[in-house]
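S.K.: Prediction below, plus the sequence it came from.
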Amino acid sequence: MSDIATIPDLDGHRVLVPGGTGAVGEGVVRTFLAAGAEVIVPTRSQARADEFRALLGADATEHLHLVVHDYSTFAGAAELVEQTVRYRGGLDSVVAPIGGWWQGRTLAEVTPDDWEAAFTDLTTTHMAVLRAALPRLSGAGAYTIVVGDSATWPVPGSGLVSMEQAALLMMQRVAAAENPDGPRVFSLVLGPVTTRHAAGAVDAQDVGAVAAAISASTAPSGSIGLHGADEVRAALALLGAGNGGGASVGAWGGR
């Protein structure tokens, strides 16, 4: 983690991180563990769970709960949330860095298999998790969807990614509008991210720090753009991460 972030105290906070074994998800998981949260990370195989635990090293404390489960369907996501609530006694937050990348064809060249893999499957997974988890949140946290800049900027040759990410951004807006007095719903819109695979403008653990600050705050639903250190600092300041949380945030701007 960079020296930008201040991690809130989330001792006992129960957060589900579908997509947590990915590159951005790893940063989110590390940050929530550092904050003292109980972090539930579903993965599709025991081998992947073991690999991820080894990758986290000393950060993989007793607060990490790796669950072998396929959450990509409505039934699978519902079962995952039900098991989480049953065994952890409830659910406070969800951070969903579920995603992937696809490129190589124009929209006019897209095949049915491309459509299923790059748009339908990923959108369905996000929708299934939100549908299952949002009504079960305790009110002590938030639901945060993580998307990339392709949500608002067309990427020729990767149009299905732009379309899928834009759909998720609208899903956040609709869910927030439908729950003005219920669970808070956020989106984090990311520029290039520094992970174990690549260098970018924002560190993956700083993304996690903003997500943790969202969960610890009482800020109203919104969309937060993270494209560099200045935007990370601004988000953390508005969320109150530096003074114990609880800051009220008015209008958020994403790119």
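M.R.: Sure thing, it's come through. Just so it is clear, the model here is predicted, and its values are computed rather than measured.

S.K.: hey, what's Val68 bridged with?
M.R.: Thr43 (DSSP bridges).

S.K.: who does the host helix or strand of Leu188 touch, helix- and strand-wise?
M.R.: Using DSSP states H and E, Leu188 maps to strand 184-190. Helices and strands touching strand 184-190, by 3 or more Cβ pairs under 8 Å, 6 or more residues apart in numbering; DSSP states H and E, are strand 142-148, helix 159-178, helix 204-216, strand 222-226. For the C-beta atoms, the positions are set from N, CA and C on the backbone; glycine is no exception.

S.K.: With mean pLDDT and mean neighbour count added, can I get these in CSV?
M.R.: Formatted as CSV, the helices and strands packed on strand 184-190 follow (pLDDT from 0 to 100; neighbours: other Cβ atoms under 10 Å):
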stretch, mean pLDDT, mean neighbour count
strand 142-148, 97, 26
helix 159-178, 96, 18
helix 204-216, 96, 28
strand 222-226, 96, 22
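
S.K.: Can I get those in a markdown table including distance to Val232?
M.R.: A markdown table is the format used below for the helices and strands packed on strand 184-190 (distance: least, Cβ to Cβ, whole Å):
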| stretch | distance to Val232 |
| --- | --- |
| strand 142-148 | 14 |
| helix 159-178 | 19 |
| helix 204-216 | 5 |
| strand 222-226 | 6 |
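
S.K.: Would you tell me which of these gets closest to Ala23?
M.R.: helix 204-216 (6.5 Å; Cβ to Cβ).

S.K.: For that closest one, enumerate the helices and strands it packs against.
M.R.: Using 3+ Cβ pairs under 8 Å, 6+ apart: helix 204-216 touches helix 23-34, strand 93-96, strand 142-148, strand 184-190, strand 193-194, strand 222-226, helix 229-239.

S.K.: re earlier: partners of the strand holding Leu188 in the sheet?
M.R.: strand 142-148 (parallel), strand 222-226 (parallel).

S.K.: Throw the ones you listed into CSV and include distance to Ala35, thanks.
M.R.: Listed next are the strands paired with strand 184-190 as CSV, based on distance: least, Cβ to Cβ, whole Å:
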stretch, distance to Ala35
strand 142-148, 14
strand 222-226, 18
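
S.K.: between those strands, which gets nearest to Pro97?
M.R.: Using Cβ to Cβ, the strands paired with strand 184-190 put strand 142-148 closest to Pro97, at 3.9 Å.

S.K.: Please save the CA atoms from that closest one in CSV.
M.R.: The C-alpha atoms that make up strand 142-148 are tabulated as CSV, following Å, rounded to 0.1, in the frame of the first residue of the first chain:
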residue,chain,number,x,y,z
ALA,A,142,-22.1,-0.7,1.8
TYR,A,143,-22.3,-2.5,-1.5
THR,A,144,-19.4,-1.4,-3.8
ILE,A,145,-19.0,-2.3,-7.5
VAL,A,146,-15.6,-1.9,-9.1
VAL,A,147,-15.4,-1.0,-12.8
GLY,A,148,-12.8,0.4,-15.1
